[in-house]
Every structure is written in structure tokens, then in C-alpha cells.
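K.L.:
Structure for the following, please:
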Amino acid sequence: MERRLLLVFGLTFLVILLSQSLFKKYLPQAPSTPQPAQTQAQPASAANLPAASQPQSAVPVPVGTGKQASAESETVIENDLYKITFTNRGGQVKSWILKKFKDDQGQPLELVKPAVAEKFGYPLSLWTYDETQRNKLNSALYVASSSGTLTVPAQITFEYADADIAVHKTFRFDQTYVIAVETSVTAKGSQVAAFPMWPAGFGDQATPASFAAGQIDYQYDSNIERLAIKKVSSGSTIKGPLDWAGVVDQYFAAAFVPDDPQNAALVTLHNTIENPQDAKHPYSVLGAAVGSLKGPSTGHMYVGAKSLAVLESISVPTINGAPRDLRGLVNFGFWQWIARPLFLWLRWTYQYVGNWGWAIVLQTLIINLALLPLRITGMKSALKMQKIQPQMKAIQEKYKKYGMKDPRRQDMNKEIWDLQQREGVNMWGGCLPMVIQMPFLIAYYSMLGAAIDLRQAPWLWIHDLSSPEPSTIRILPILIVIAMVFMQRMTPQAGMDPSQQKMMNVMMPVMFGFLSWNVASGLGLYWLESNLIGIVQQSIMNRTRLGREMRELALKRARKKEK
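P.N.:
Down below sits the predicted model:
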């Protein structure tokens, strides 16, 4: 989606430039000069993990002793952040509820989607390369160390053994989202590579967009890989080293942090479920299993929202200057060098205003005030361009008789270039404010798509700033079109006669109205306010000596055109 948005913005800007080029017949280019050849040549404390930070060696039950339960039972682990329900059938999780987050019905968010998990597996089940063995491990009745409801700090152990296999699973919990995970499987006296897994997506996935946001992420040192759905095949193994690895969607993650990164491996899982709206295009459901290829698997696991504040507080042992935490789970995209600081600034503003919508309003105001000097510079550049229009036209008429491929066209470009240099004109100066705005607009899009903080955040009539307005008549996109029409009409266009300017006055607002129809409301709010501020700024500048001079030039050119 980010690439599509970037492509649309790029095409929009290209239309602006090409339109001006066509309106003026030919835009001058700098005279060619030889270039020298170049040689290519509640968060946890950063140091506080659960009691699992000192993992205890698993003591597997000897094969042949026989250890299994006679009936299925459940154990609930609960703290202020989550409520996890284990079943001793498979020693796995049937329910994982995040208390601090709500689903679309306003209920605490269930991360396990029952219909999908029944088909493809439950969290903390085990992956082995032998499918028959895997099915046995995840359906056997384990002996659980506890049943009923436990409050943290807590530990639960599941054990199973028969004549062929012995399994030991231990999980430890504290007051954070991080749990400790230890698994060990022995078959006929030999260790089996058995990885704990999160096999089947998340419970918040209900729409095509939410399923499409699923991907597999993993990191070693400063290298973060993000595998989109089309790059994930089921059962593929990615060998370590791995600092962390797991499955994510737009807002939530299940990430494993192995104690032995060098011998860790990631198995990717990719399944499909029926799409009720389009039977020919089923939904993809991704999963991940992470463990050691050499012996028991021990480590930690983070299951929760991709909240930057929480992820930055979770310690991960990395080297080579990489962040020693899980911040890499938040994907701000290509524009992260702008998007992440924007979000940190926005989060700081929110602490004072108490509403994400008003925080966006305040941030947008400050950004546009900071860009005001560039708007004034662009206006001055446009005025200079208008002043030399008659001289440019005379040069173009002089070379009009020569064809486009005639070498003498280069002489025309050189004359126009020299004219612009003498008069101090930058032909792209009028586009500078738009060029500067684009990275901020794209960065806002990336930020709103990654920041869990704005999920379901309300503002006035808007219920969720991270999503488009739900109504069929969307107020923000309509207001954006209206604001852009006013903006275009108020802004003198360098090198355009009135008929050409009228066409641009329609084309640009319609294009941006179409673009903003399905974007997040927070982005629409940013763009609308930017346009409204631009209208006020342009109105003031139009009353200055510079503004009056520009409008007089435009009127003079219009009168000449009518004669």
C-alpha cells in the first residue's frame, strides 16, 4: 500500500511538471556539460525479562515411563495485561486475550481466532519436521503442573511420555507481555528439533486489508527482514543466527527471542482460509515457529501490540550497534527517518493535549508554520518566472522553425538557461513547497499505518484516526477537494494563462480527492489542515507588494491573451 501511495504521489508531481512543460511548450534544460567518470566500486524494564531470564534446563521424562493425563483440563494465567487459557491437550493455548485492547465490538481483544486455530494449530503448539509426530505432539493429553486460575508470577509445566517419545514444556509469566518458553522433545533417546510456534495469524484480522498486512519479520544485528505474504511458503526453514523472529500483522506481533541465536531457526507457515466475499481469492494466514536446531529450545516470547514504548523496553542481546530491543517490529517503512521522529513528537504532544486528533492538529500547524519561508521562496520564484515569460517566448519563437530532434534546439535551451541564470530564476522554485510537503505526507501515512497508539483513537465525529471514515459520504475527503479548489484559485501559476490555470484548478483537487478517499482519517486531517493553513497564508501573501505584483502580471497576461 505504501508503494502504491508513493507511486500516486510521484505521478501527481510528474503531472504538475509535465503540465507546466506542455503549457510553455518546452521547458529549458541546463546546458550539457561533460561529467567526470565515476568508478563504481506496561512495559518491562529494559533489563527485566520474566523469571525466564535465568532459564532452567528442562528435565525430560524418560521415554518408556509413560506419562499422560486421563482427561482434558484447562489452566488460566492472568495479569493486568492478558488472560491466557491453556489446555493440556497438546499443552497449548486456546485463548490469548489482551485486556488493554478492544475488538470492533468493544470487547477485550482475542488474539486466537478459533476457526483458524482449530484448522492450523494453536499458539505454543510444537512444530517438528515429521508431520505424523507433529500431530501426535499437539493432540496428546499432557500432565499439567497446575489447573484452575493462576496469577503472576506463575509457572506451568506440561509433560507427556509414552514408549516412543517424551515431551517437556515449561512457560513462566510475570507482569509484562514477555513470557519464558522452554520445550524439549526426545524420540527413542534422541533429541528432536521441536519449535514452539504461533501458527495461525491473529484475532484482529477480519477484513481483506488486515489479512493482507500479515508478514514474517526477523532480525540479526542491524539486519531486519520482512517477508510479505507472497514471499512466505509453508514449511520453509530460515537458519540463524536470529536475534528475534515472528509473525506480525498491522498492529500486533508474536515474536520469539531465542536464548541461543547462533543455532536458532525460523520455520515459516502459510495457509489459506475461505474469503466469504471472493471465493477465488482466499485469505492468507501466516505463522512462525522458532527454536533451536541443536537440542531443547529455550528463550522468550513477546505477544502483544506493536507499541514502540513497550518494544523499546524489552532487552534483546544484539551486537554491531543494532538497537538492543524489539523496536524493529514497528515498520515505519522507507520514510522511517521522518515517520519515527514525527511519531515520537506526536506522542509527546499527546501527553499534553490528551487526544490524538488534537495532537495531529497542533503538529500540523507547527509543520506548516515552519514551511512558510519555503512558500514565500516559491512565490518569489514564480514571480520572477512570470517576469521573464515574454523573453522566453521570444527565444522559443526564434527556434520554432526547427524540429524537436534538430541539434539547434540545444541552443534554444542554452539561451533560456542563460536568461534564467542572469535573472536569478529557478524554474522549479514554484514547486518547492509541494516537493517538501510530499515526504511529510507519505511519512504521516506510514506512521498512521504502524502506530498502534492511533488505533481506534477518536476525534470529534471520527471514531478511528487510523482508518478511513466509515460513512459513505466522507467528510474529510470532500473538504480536502473544496480546500484545494480554493487554494489553486488563490495561487498564481507561473507560466499559465487563465484557461490552463482553470484546468489545473480542477485536475489537482480531483486527483487528491480520489487519493484521500480511502486513506486513514488522521492523514486526511493532516492534509485538510495543511490546505486550510495554506489558504490563510496565501491570502495574506496575496495582499503583500509581492502578491499584488504577481496578480497584476497575471491579469496583464490574461488581457493580452483575450486580444
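K.L.:
For I452, give its distance to E469.
P.N.:
Distance from I452 to E469, counting by Cβ to Cβ, to the nearest Å: 20 Å. For every residue, glycine as well, the C-beta is placed using N, CA and C.
K.L.:
er, T87 I mean
P.N.:
Distance from T87 to E469, by Cβ to Cβ: 41 Å.
K.L.:
Could you give me the buried positions within stretch 506-524?
P.N.:
Across stretch 506-524, burial judged by 16 or more other Cβ atoms under 10 Å covers 508-509, 511-513, 515-517, 519-524.
K.L.:
okay if I get the residues you listed as CSV plus pLDDT and secondary structure?
P.N.:
CSV is the format used below for the buried residues of stretch 506-524 (pLDDT from 0 to 100; DSSP: H, G, I helix; E, B strand; the rest coil):
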residue, pLDDT, secondary structure
M508, 75, helix
P509, 77, helix
M511, 79, helix
F512, 76, helix
G513, 76, helix
L515, 78, helix
S516, 78, helix
W517, 81, coil
V519, 83, coil
A520, 85, coil
S521, 88, helix
G522, 89, helix
L523, 87, helix
G524, 89, helix
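K.L.:
mind listing what the residue nearest to the spatial centre of the chain touches?
P.N.:
In the chain, the centroid-proximal residue (Cα atoms, centre = their mean) is A450; its distance is 4.1 Å. Residues near A450 by Cβ atoms under 8 Å, 6 or more residues apart in numbering: 250, 306, 330-333, 339, 343.
K.L.:
Mind picking the lowest-pLDDT entry from those?
P.N.:
pLDDT across these is lowest for G333, at 84.
K.L.:
Can you classify it as helix, strand or coil?
P.N.:
What DSSP: H, G, I helix; E, B strand; the rest coil gives for G333 is coil.
K.L.:
Contacts only, for it.
P.N.:
G333 neighbours (Cβ under 8 Å, 6+ apart): 2, 339, 446, 449-450.
K.L.:
got those as JSON lines, with secondary structure columns?
P.N.:
Formatted as JSON lines, those follow (three-state DSSP):
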{"residue": "E2", "secondary structure": "helix"}
{"residue": "A339", "secondary structure": "helix"}
{"residue": "S446", "secondary structure": "helix"}
{"residue": "G449", "secondary structure": "helix"}
{"residue": "A450", "secondary structure": "helix"}
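K.L.:
Of these, which is the nearest to K99?
P.N.:
Minimum distance to K99 across these is 22.5 Å, recorded for A450 (Cβ to Cβ).
K.L.:
quick check, K405 in a helix?
P.N.:
No. K405 is assigned coil when assessed by three-state DSSP, not a helix.
K.L.:
Local confidence estimate at it?
P.N.:
pLDDT at K405 comes out at 74.
K.L.:
Please apply the same query to Q277.
P.N.:
83.
K.L.:
where does it land in three-state SS?
P.N.:
Going by three-state DSSP: Q277 is coil.
K.L.:
Around the nearest residue to it once chain neighbours are set aside, how many other residues sit close by?
P.N.:
Among residues not flanking Q277 along the chain, P208 sits closest, at 7.5 Å (Cβ to Cβ, 6 or more residues apart in numbering). Neighbours of P208 under the rule other Cβ atoms under 10 Å: 13.
K.L.:
between I452 and E469, which one's more packed in?
P.N.:
Legend: neighbour count by other Cβ under 10 Å for I452 and E469, higher for I452 (22 against 19).
K.L.:
pLDDT score for that one?
P.N.:
89.
K.L.:
so how far is S466 from it?
P.N.:
From I452 to S466 the distance is 9 Å (Cβ to Cβ).
K.L.:
got any residues that touch both of those two?
P.N.:
With Cβ under 8 Å, 6+ apart as the test, I452 and S466 reach no residue in common.
K.L.:
Name the nearest of the contacts of A450 relative to I77.
P.N.:
K306 (22.2 Å).
K.L.:
Can you get me a residue count around that closest one?
P.N.:
K306 has 25 nearby residues by other Cβ under 10 Å.
K.L.:
In contact with it, which residues?
P.N.:
Listed by Cβ under 8 Å, 6+ apart, the contact set of K306 reads 248, 251-253, 329-330, 450, 452.
K.L.:
One more pass at 6 Å, please.
P.N.:
Residues in contact with K306 (Cβ atoms under 6 Å, 6 or more residues apart in numbering) are 251, 253, 329-330, 452.
K.L.:
so where is the stretch 251-400 of the chain shaky, pLDDT-wise?
P.N.:
Residues of the stretch 251-400 of the chain that meet the criterion pLDDT under 70 lie in 318-321, 383.
K.L.:
now the strands: where do they sit in it?
P.N.:
Assigned by DSSP state E, counting those that start in this stretch, the strands in the stretch 251-400 of the chain fall at 252-258, 264-273, 283-292, 297-305.
K.L.:
neighbouring contacts of the first one?
P.N.:
This means strand 252-258. 198, 202, 244-247, 264, 290, 299-303, 305-306, 316, 329.
K.L.:
How about the third one?
P.N.:
Contacts to strand 283-292, defined as Cβ under 6 Å, 6+ apart, come from residues 116, 127, 195, 197-201, 211, 214, 216, 229, 232, 245-247, 256, 260, 263, 266-267, 269-273, 275, 297.
K.L.:
got the angle between that strand and strand 297-305?
P.N.:
Relative orientation of strand 283-292 and strand 297-305, computed by axes from the mean of the first three to the mean of the last three Cα atoms, to 10 degrees: 140 degrees.
K.L.:
Can you give the strand pairings for strand 283-292, parallel or anti for each?
P.N.:
strand 195-198 (antiparallel), strand 264-273 (antiparallel) (DSSP bridges).
K.L.:
okay, it in CSV with CA atoms only?
P.N.:
Once non-C-alpha atoms are left out, strand 283-292 reads as follows in CSV (Å, rounded to 0.1, in the frame of the first residue of the first chain):
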residue,chain,number,x,y,z
TYR,A,283,-7.3,-15.1,2.8
SER,A,284,-3.7,-15.9,3.6
VAL,A,285,-2.9,-16.8,7.3
LEU,A,286,0.8,-16.7,8.3
GLY,A,287,2.6,-18.3,11.2
ALA,A,288,6.1,-18.8,12.6
ALA,A,289,7.9,-21.4,14.6
VAL,A,290,11.2,-20.6,16.2
GLY,A,291,13.6,-22.8,18.1
SER,A,292,17.0,-24.5,18.3
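K.L.:
for that strand, the distance to its chain's centre please.
P.N.:
Here strand 283-292 is found 20 Å from its chain centre; the criterion is Cα atoms, centre = their mean, to the nearest Å.
K.L.:
got the angle between that strand and strand 252-258?
P.N.:
Using the same axes, to 10 degrees: strand 283-292 against strand 252-258 is 20 degrees.
K.L.:
for N531, what are its contacts?
P.N.:
With Cβ under 6 Å, 6+ apart, N531 has these contacts: 483-484, 487.
K.L.:
gap between the residue lying closest to A457 once chain neighbours are set aside and P153?
P.N.:
Setting aside the residues directly before and after it, A457 is nearest to W356 in space (Cβ to Cβ, 6+ apart), at 4.1 Å. Plainly put, W356 is 34 Å away from P153 if you go by Cβ to Cβ.
K.L.:
neighbour count winner among the two?
P.N.:
Neighbour count, other Cβ under 10 Å: between W356 and P153, W356 has more, with 24 against 12.
K.L.:
of all the strands paired with strand 283-292, which gets the most neighbours per residue?
P.N.:
Of all the strands paired with strand 283-292, strand 195-198 has the most neighbours on average by mean count of other Cβ atoms under 10 Å, namely a mean of 26.
K.L.:
How far off centre is that strand?
P.N.:
25 Å.
K.L.:
now stretch 402-414
P.N.:
The answer for stretch 402-414 is 47 Å, by Cα atoms, centre = their mean.
K.L.:
quick revisit: turn the contacts of K306 into a markdown table, columns for distance to K94.
P.N.:
Output for these, formatted as a markdown table (distance: Cβ to Cβ, whole Å):
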| residue | distance to K94 |
| --- | --- |
| Y251 | 22 |
| A253 | 20 |
| L329 | 25 |
| V330 | 28 |
| I452 | 25 |
